[in-house]
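> Please work out how this folds:
(one chain, ligands or ions: 1)
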Amino acid sequence: MHELSIVANLFEILEEKAEEKKAKKILSVKLRVGALSGVVPEFLETAFDIYKKDTIAAEAELKIEKVPLKIQCKKCGAEIVKDDFIFICDKCDSRELKTLSGTELLLEKIEMEVN
Ligand SMILES: [Zn+2]
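Numbering: from 1, shown residues only. All right, here's what the predicted structure looks like:
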């Protein structure tokens, strides 16, 4: 499962950040997951819950913000939110499209308890 290695990397970052801030525990973690990031949010949640046991984030809640796939047509300039992954402009049928968002996988925020 691809998501497991992502979560393993995530925990390396979390532990580093917690150490930096001398945090006692991590309360929540927020991720932005693009529709086209190749990651299944539900798998990510499962992997997170398995991984967090006995770590500084044992009680942490994972919050996932799903980012839809948004494209812009290079021909007519239309910005379209896609939910079907069919890469054709709705307005002019052009296939020359630019991805604006939806491919990202970002660690947006970590909440920690310090002292
Ligand atoms: Zn177009």
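
> With the ion in mind, check whether stretch 97-115 reaches it.
No. Under the criterion of CB under 5 Å from the ion, stretch 97-115 makes no contact with the ion; the nearest approach is 7.9 Å. For the C-beta atoms, the positions are set from N, CA and C on the backbone; glycine is no exception.

> Spit out the contact partners of residue 102.
Residue 102 is in contact with 34, 35, 36, 37, 67, 68, 69, 70, 71, 82, counting by CB atoms under 8 Å, 6 or more residues apart in numbering.

> What's the biggest helix in this structure, counting residues?
Criterion DSSP state H: the longest helix present in the chain is helix 2-20.

> From the ion, how far off is the residue most central in space within the chain?
The residue lying closest to the centre of the chain (CA atoms, centre = their mean) is residue 33, at 2.6 Å. Using CB to the ion, to the nearest Å, one obtains 27 Å as the distance from residue 33 to the ion.
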